[in-house]
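J.: Fold the following for me, if possible:
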Amino acid sequence: MTAILERRESESLWGRFCNWITSIENRLYIGWFGVLMIPTLLTATSVFIISFIAAPPVDIDGIREPD
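T.: Numbering: from 1, shown residues only. Next up, the predicted model:
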């Protein structure tokens with residue numbers, strides 16, 4: 001009787017990341033679109049909030065003289 005021993009190769013970090021991203025067994029499916037979308041949305045939201053807070057006051061009507 002011959003036993004065939006399979007050698008299990010350790011999977012690389014990139015391989016594990018790819019499997020985790022594309023796995024449909026996760027509670028929330030991210031996918032490759034989510035890998036690009038989530039950081040982009042977080043960056044855009046934070047820049048918008050910071051620029052809204054840091055914006056100088058302006059005269060909306062544009063008809064009054066500055067003091």
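J.: neighbours around residue 19, how many?
T.: By other Cβ atoms under 10 Å, 10 other residues sit near residue 19. Every residue, glycine included, has its C-beta placed from N, CA and C.
J.: tally of neighbours for the nearest residue to residue 22 once chain neighbours are set aside?
T.: Distances taken as Cβ to Cβ, 6 or more residues apart in numbering place residue 31 nearest to residue 22, at 6.7 Å, with adjacent residues excluded. By the criterion of other Cβ under 10 Å, residue 31 has 13 neighbours.
J.: Against residue 11, how distant is residue 31?
T.: Counting by Cβ to Cβ, to the nearest Å, the gap from residue 31 to residue 11 is 20 Å.
J.: pretty sure the residue nearest to residue 22 is touching residue 24, no?
T.: No - assessed by Cβ atoms under 8 Å, residue 31 is found out of contact with residue 24, at 9.2 Å.
J.: Who are the contact partners of residue 13?
T.: By Cβ atoms under 8 Å, 6 or more residues apart in numbering, no residues touch residue 13.
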